[in-house]
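>>> what's the 3D shape of this:
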Amino acid sequence: TGVAVWPTYCDPPNTGGVQVFSDLPEIELFLNGQSQGKQRCTPSGLAHFPAVTYAPGNLTAVGLSSSGAPVARHEIITAGVPTAIELSIDVPSAKTGTGSALVLDGHDC
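Residues are numbered from 1 along each chain as shown. Now for the predicted structure:
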């Protein structure tokens, strides 16, 4: 028994809604704590929420049993706005134990 949000939701601007896959009969979707409604799963296990578009924060799909009890959950927390990337090279040094030569030939891993 499980539930999984299709990962394309995190690719803004997502305007195609949210797809959730589950072997449970019904899914309730929450975006930043607000219910976006419930959808019954198709026989192939798909619940589609077409009106939900991307918003940063927390997206939670809750799988409901046939009695309506929550039995599975999948949360996605989106990344914030990128601020910076800082790269540095650890220069080879006998003092730090990082070797004695630096070779950049495009084949280093």
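>>> and the residue most central in space within the chain, what's its pLDDT?
Nearest to the mean C-alpha position of the chain, counting by CA atoms, centre = their mean, stands Ile76 at 4.3 Å. Looking at Ile76, its pLDDT is 91.
>>> ok, it touching Gly57?
No: Ile76 lies out of contact with Gly57 (CB atoms under 8 Å); the separation is 9.5 Å. Using the backbone N, CA and C atoms, a C-beta is placed for each residue, glycine as well.
>>> common neighbours of the two, please.
Here Ile76 and Gly57 have no joint contacts, going by CB atoms under 8 Å, 6 or more residues apart in numbering.
>>> quick check: Thr8 is in a helix.
Yes: judged by DSSP: H, G, I helix; E, B strand; the rest coil, Thr8 forms part of a helix.
>>> can you give me the distance of it to His48?
When distance is defined by CB to CB, to the nearest Å, Thr8 is 12 Å away from His48.
>>> give the residue from those two that has the larger number of neighbours.
In terms of neighbours (other CB atoms under 10 Å), His48 is the more surrounded of Thr8 and His48; the figures are 16 against 12.
>>> ok, the spatially closest residue to Asp23 that is not a sequence neighbour - contacts?
Counting by CB to CB, 6 or more residues apart in numbering, Gly45 is the residue found nearest to Asp23 once chain neighbours are left out, at 5.7 Å. If a contact means CB under 8 Å, 6+ apart, then Gly45 has Phe21, Ser22, Asp23 as its contacts.
>>> in PyMOL, select just the buried ones from these.
The PyMOL command for the buried members of the contacts of Gly45 (criterion: 16 or more other CB atoms under 10 Å) is given here:
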select buried, resi 21+22
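>>> what's the closest of the contacts of Gly45 to Ala4?
Here the nearest of the contacts of Gly45 to Ala4, counting by CB to CB, is Phe21; it sits at 5.0 Å.
>>> how about the strands in this protein?
Remark: strands assigned in the chain by DSSP state E are 3-5, 18-22, 26-31, 34-40, 46-49, 58-64, 70-77.
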